[in-house]
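# No letters, just coordinates:
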Ligand SMILES: [Zn+2]
């Protein structure tokens, strides 16, 4: 194993520096659609290209959780990712990637000016 203990950079370069408080709660970290996409993409690769082994499952669940955590600013997307993660964890049901991608795309067009 060549993995080191140096933490990887968590920011994508477009991450907002501050947590944006919402009406009912304050997210635990700034929401960033770029990072949501990055983590969903990583989970997708793990779950679709590597179907064996507990390590893949753990890493995929980890990425889904990161995506969920980074999406707190967008309740619909956040809830969809959480549902996908819990369904996968409890029943190993594959996330609906098309649905997640659609929701992510809608947030992206709403937040990133073309
Ligand atoms: Zn980011």
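That came in fine, so what should we check first? For clarity, every value in this text was computed on a predicted model and none was experimentally measured.
# Any stretches of the chain with poor pLDDT?
When residues are selected by pLDDT under 70, those of the chain lie in 1-10, 18-26, 50-53, 112-114.
# Now do the SS call for the one residue sitting closest to the centre of the chain.
The centre of the chain sits closest to residue 67, judged by C-alpha atoms, centre = their mean, with a distance of 1.3 Å. Here residue 67 is recorded as helix under DSSP: H, G, I helix; E, B strand; the rest coil.
# Residues touching stretch 68-81, excluding its own?
Applying C-beta atoms under 8 Å, 6 or more residues apart in numbering, the contact partners of stretch 68-81 are 20, 22, 27-29, 31-33, 35-36, 39-40, 64, 67, 82, 85, 99-100, 103-104, 107. C-betas here are computed from N, CA, C, even on glycine.
# Just the buried ones out of those, please.
Neighbour counting over these (16 or more other C-beta atoms under 10 Å) leaves 27, 31-33, 35-36, 39-40, 64, 67, 82, 85, 100, 103-104, 107 as the buried ones.
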